[in-house]
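Chemist: got a predicted model here, sequence first, then my questions.
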Amino acid sequence: MIKEVITASEDKMKKSLEVLKKELQSLKAGRANASMLDKITVDYYGTPTHISAVASISVPEPRMLVIQPWDKSMIKPIEKAIQKSELGINPICDGQVVRLVVPELTEETRKNLVKVVKKHGEDAKVAIRAIRRDANEKLKNIKKENTHSEDEIKKTEDEVQKLTDNYIKEVDKVVENKEKEILSV
């Protein structure tokens, strides 16, 4: 019972970190990245489908994405879906492939992106602390039940705190690396 608290907390903290990484991947940082298209869906025979499911996506240059649909009739829908998205990039279509050229970021855009990255990092930290709070509540309930010794409970609380500290350091590292990526010209 007491070990389950640690295992569950660690799993949840790991998921929070993964969510942060995924969110930061989809940010446009002046470099082409196939994950920029993850949230964009295209109408594929009446079904909303992710672009990666109807086309191959490659990055031939650091600031260019090439989308090559397997079905040529999907070129126009892909182009329209990208134009409607919040991506802010105008697709270039030649009848065979759709090209996306990621523009250079201005200094102001970079600073705004860094603010967004920090906000995502702070959200992840809040989630991790909430997981710690839940774990500590469970431990208090276990303490009331008198099923485990106070030493065991105290030791488990310390382990949960160490986990929290480690995951918050990890969040800081991820945020710092993304900041460096955005601010590098």
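Modeler: Right, received. Where do you want to start? Numbering: from 1, shown residues only.
Chemist: and the strand or helix carrying Lys140, what other elements does it pack with?
Modeler: Here Lys140 is covered by helix 107-145, with elements defined by DSSP states H and E. Contacts defined by 3 or more C-beta pairs under 8 Å, 6 or more residues apart in numbering; DSSP states H and E place helix 107-145 against helix 2-25, helix 150-183. Every residue, glycine included, has its C-beta placed from N, CA and C.
Chemist: and it, how far out from the chain's middle?
Modeler: Taking C-alpha atoms, centre = their mean, to the nearest Å, one finds helix 107-145 lying 14 Å from the centre of the chain it belongs to.
Chemist: residues of it that come out buried?
Modeler: Along helix 107-145, these residues count as buried under the neighbour rule (16 or more other C-beta atoms under 10 Å): 109-110, 113-114, 117, 120-121, 124-125, 127-128, 131-132, 135-136, 138-139, 142-143.
Chemist: quick one on the thing from earlier: can you say which of the helices and strands packed on helix 107-145 is nearest to Asp38?
Modeler: Distances from Asp38 to each of the helices and strands packed on helix 107-145 were compared using C-beta to C-beta; the minimum, 7.9 Å, belongs to helix 2-25.
Chemist: just checking: what are the partner strands of the helix or strand that comes right after the closest one?
Modeler: Toward the C-terminus, helix 2-25 is succeeded by strand 41-44 as the next helix or strand (DSSP H and E). Sheet pairing of strand 41-44 (DSSP bridges) gives strand 47-50 (antiparallel).
Chemist: what residues does the following helix or strand past the partner strand touch?
Modeler: The first helix or strand that comes after strand 47-50 along the chain, using DSSP H and E, is helix 51-54. Outside of helix 51-54, the residues that reach it under the criterion C-beta atoms under 8 Å, 6 or more residues apart in numbering are 34, 37-38, 40-42, 44, 57, 67, 69-71, 74, 78, 81.
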